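Participant: Let's see this in three dimensions:
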Amino acid sequence: MSKQEDFRGFPLRDLLQMRTPVYLYDMRLLDSTLAEINRLTADDHMTVHYALKANGNPEILSEIARHGLGADVVSGGEIAAAVSAGFSPQDIAYSGVGKTDEEIRLGLECGIGCFNVESVPELEVINELAGEMGKTANVAIRVNPDIDAHTHKYITTGTADNKFGIGIEALDQVVKLALNDMKHVKLHGLHFHIGSQIMLMEPYSMLCDTVNDLLDHFEQQGISFDSVNVGGGLGIDYDDPDGHSIPNLEGFFGVFKNKLRLRHGQHLHFELGRSVVGQCGTLIARVLYVKQSRDKRFVILDAGMTDLIRPALYGAVHSVRNLTSDEHDIETYDVVGPVCESSDVFAHDCRLPVTKRGDLMALCSAGAYGESMSSRYNMRPQAASIFYRG
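Facilitator: As a prediction, the model looks like this:
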C-alpha cells in the first residue's frame, strides 16, 4: 500500500478491497457546495434548479432535493426521477428541443412549474395537449441570444448555429402568439442558456446586456414577464480539483446580481449542473497492464469510455492520479481503457509515478457527465457507486 492512507477522507485499504471501476462520491463536498449555493441565493426572488443531466443518481438527487433546490429536466425520465427524489413539481423546469407528446402529458399531469419552449411547433403542441387535458401550461420562451460562450463547440448552446431556442429576430412574433393565440398556455417568462463549462464571466455579462435590452423592449410594448431564467453552464477546475473544489459561484451569481435589471416582483431562475456535482465524484480504476510499444508506454485501466466518455467524446481532460504507487521516479504514459475503440483514451503523455499492474488510479472531477453518460458498450457492466462522508 502507498504511504498515503486515504483519498479525500476515504481509506485506501477499503478501496483496495473493492471491485473496480467504481464511482466514489464525497457527500461532504456536495453538502458544502449546496450550502454555498443557498447562501448566495438566499433572496426569495431567486431559485436554483439542478440540471439532472449532469448526474441522475438517486442518492445524489435526494441529497440535492433535501437542500431545497429545484430541478431542470430534459426528458420524461428525468421528470419521474426528480419527483421520485423529492423535488417539488412546481420547482421543475422542463427544457429540450424534442419533447414527445407522452413527455409533455407527463409534465402536465405532474403539474411541473414551467415548460421551456424551444420552437413554435412545440408551443402549438403544448397548447393542444393542455387543452385536451383541461389544463393550462406555464411556459417560458427559450431565447437563443447568439452569444459565444468560448467553450467547446459540442457544449455551446447559445449561438445562431445551435439547434436550441428561438432567435431574437423571431421573438416578438412568438411572444405575441403565446399571449394572444394560445388559450391553454400562460407565458411565464423568458429562458436563456448559452453553454457549458464556462470559466469566464464575460459571456454572462453579455447575457445580462441582452436580457436587459429585451426586457426594455417588451416593456415599451406593455408586456412583462413573471420570471427570467438565465440557465447555468458555470465550469469547474479540471486541472486543480483540490485547489478549487467549489467553483466560482460567488462570481457567477454576482454578475447577475450586479448587472441584471429585473422588474419589481420578477423572479430569477438558474440551472446549474456540473458546478454542483462535478468535483464531488471520482472514478476509481485499477491498472490491468502496463504496455510498452515502440514509442509509447501505456497504462491500461479496467475503466473505459463506457464509464467516462468525456475524453473520448470531445477531448476533455481529467486529472489522473496514481493512489498506490510508492515510487519516486516519474514516467510518461498514455492512460487508456479496455474498450475496442482507439478513442478510448483518458490522458496522453501523463506524468505519473512509476506505475504497475494492480495500482489504483483516480480520475478526478467525474461527478458530472460521468455516470450519467455511461453505457453498456462492449457489454461491459456499469460501474457501482459509493457514497461517503469521511
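Participant: contacts, neighbours, all on C-alpha from now
Facilitator: Will do.
Participant: which helices and strands sit right next to the lengthiest helix in the chain?
Facilitator: Taking DSSP state H as the criterion, the chain has its longest helix at helix 202-219. Other elements packing on helix 202-219 under the criterion 3 or more Cα pairs under 8 Å, 6 or more residues apart in numbering; DSSP states H and E are helix 249-259.
Participant: quick one: average confidence on the longest helix of the chain?
Facilitator: In this model, helix 202-219 has a mean pLDDT of 96.
Participant: likewise stretch 137-156?
Facilitator: 72.
Participant: ok, back up a step: tell me the angle of the longest helix of the chain relative to helix 249-259?
Facilitator: With axes from the mean of the first three to the mean of the last three Cα atoms, to 10 degrees defining the directions, helix 202-219 sits at 30 degrees from helix 249-259.
Participant: Give me the helices and strands touching the helix or strand just after helix 202-219, please.
Facilitator: Heading C-terminal from helix 202-219, the first helix or strand you meet, by DSSP states H and E, is strand 227-229. Applying 3+ Cα pairs under 8 Å, 6+ apart, one finds that strand 227-229 contacts strand 185-191, strand 267-272.
Participant: quick one: the first one to helix 202-219, angle?
Facilitator: On the basis of the same axes, to 10 degrees, strand 185-191 is oriented at 140 degrees to helix 202-219.
Participant: Quick one: distance of strand 185-191 to the chain centre.
Facilitator: Relative to its chain's centre, strand 185-191 lies at 23 Å (Cα atoms, centre = their mean, to the nearest Å).
Participant: Show the end-to-end separation of stretch 376-387, please.
Facilitator: 22 Å (Cα to Cα, to the nearest Å).
Participant: what's the distance between the longest helix of the chain and the middle of its chain?
Facilitator: On Cα atoms, centre = their mean, the centre of helix 202-219 falls 24 Å from the chain's centre.
Participant: Number the residues from 20 up from this point.
Facilitator: Sure, I'll start numbering at 20, so the last one becomes helix 221-238.
Participant: Same question for it: list its buried residues.
Facilitator: 222, 223, 224, 225, 226, 227, 229, 230, 231, 233, 234, 235 (16 or more other Cα atoms under 10 Å).
Participant: Which stretches in the stretch 70-219 of the chain count as strands?
Facilitator: For the stretch 70-219 of the chain, applying DSSP state E, counting those that start in this stretch gives strands covering 89-92, 111-113, 133-136, 156-163, 185-186, 204-210.
Participant: List the contacts of the last one.
Facilitator: I take that to be strand 204-210. 133, 135, 145-146, 149, 155-162, 194, 197-198, 244-250 (Cα atoms under 8 Å, 6 or more residues apart in numbering).
Participant: Same check on the shortest one?
Facilitator: With contact meaning Cα under 8 Å, 6+ apart, strand 185-186 is reached by 137, 138, 160, 161, 162, 163, 164, 165, 179.
Participant: ok, now the fourth one?
Facilitator: For strand 156-163, the surrounding residues in contact (Cα under 8 Å, 6+ apart) are 127, 132-137, 145-146, 149, 177-179, 183-187, 190, 194, 203-213.
Participant: secondary structure element for the residue of the chain most remote from its centre?
Facilitator: Relative to the centre of the chain, and counting by Cα atoms, centre = their mean, the farthest-placed residue is residue 313 at 39.9 Å. Element membership for residue 313, per DSSP H and E: none, as it lies in no helix or strand.
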